[in-house]
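Trainee: no FASTA, just this:
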């Protein structure tokens, strides 16, 4: 069962990606694949995590990949609307040291 989905909304040079559900070992490969065309655009990205319930190490790997791809293209990546659990995970692994959190 796929308990994760995302919607992508282009706002000019910025892409807002709404994350919904659990980004984990089962769901992160499909999400990463869906993001490949977006990475090529060189747009700033905002991952809206208002409906992200959980993120595993596999999900964190996709965030790291997204950060590296956007940075290499001169764009930025930020996270917004993190719940306390997801924010705690992001902070524990040190991603808050280089990811912009709104």
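Mentor: Arrived safely. These numbers were taken from a predicted model, which means no experiment stands behind them. Residues are numbered from 1 along each chain as shown.
Trainee: in space, what's closest to residue 43 - neighbours in sequence excluded?
Mentor: Setting aside the residues directly before and after it, residue 43 is nearest to residue 15 in space (CB to CB, 6 or more residues apart in numbering), at 4.7 Å. Where C-beta positions appear, they are placed from N, C-alpha and C, glycine not excepted.
Trainee: quick one: whichever strand or helix holds residue 31 to chain centroid distance?
Mentor: In the assignment (DSSP states H and E), residue 31 maps to helix 28-39. Relative to its chain's centre, helix 28-39 lies at 10 Å (CA atoms, centre = their mean, to the nearest Å).
Trainee: what does stretch 43-59 give?
Mentor: 4 Å.
Trainee: residues contacting it, please?
Mentor: With contacts defined as CB atoms under 8 Å, 6 or more residues apart in numbering, stretch 43-59 is touched by 10, 13-25, 27-29, 31, 38, 63, 66, 70, 75-83, 85-86, 89-90, 102.
Trainee: so the longest helix along the chain versus helix 28-39, what angle?
Mentor: Criterion DSSP state H: the longest helix present in the chain is helix 57-72. Counting by axes from the mean of the first three to the mean of the last three CA atoms, to 10 degrees, helix 57-72 lies at 10 degrees to helix 28-39.
Trainee: in helix 57-72, which residues are buried?
Mentor: 58, 59, 60, 62, 63, 66, 67, 69, 70 (16 or more other CB atoms under 10 Å).
Trainee: how about those residues in JSON lines, adding distance to residue 96?
Mentor: Formatted as JSON lines, the buried residues of helix 57-72 follow (distance: CB to CB, whole Å):
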{"residue": "58", "distance to residue 96": "19"}
{"residue": "59", "distance to residue 96": "15"}
{"residue": "60", "distance to residue 96": "12"}
{"residue": "62", "distance to residue 96": "17"}
{"residue": "63", "distance to residue 96": "11"}
{"residue": "66", "distance to residue 96": "15"}
{"residue": "67", "distance to residue 96": "12"}
{"residue": "69", "distance to residue 96": "19"}
{"residue": "70", "distance to residue 96": "17"}
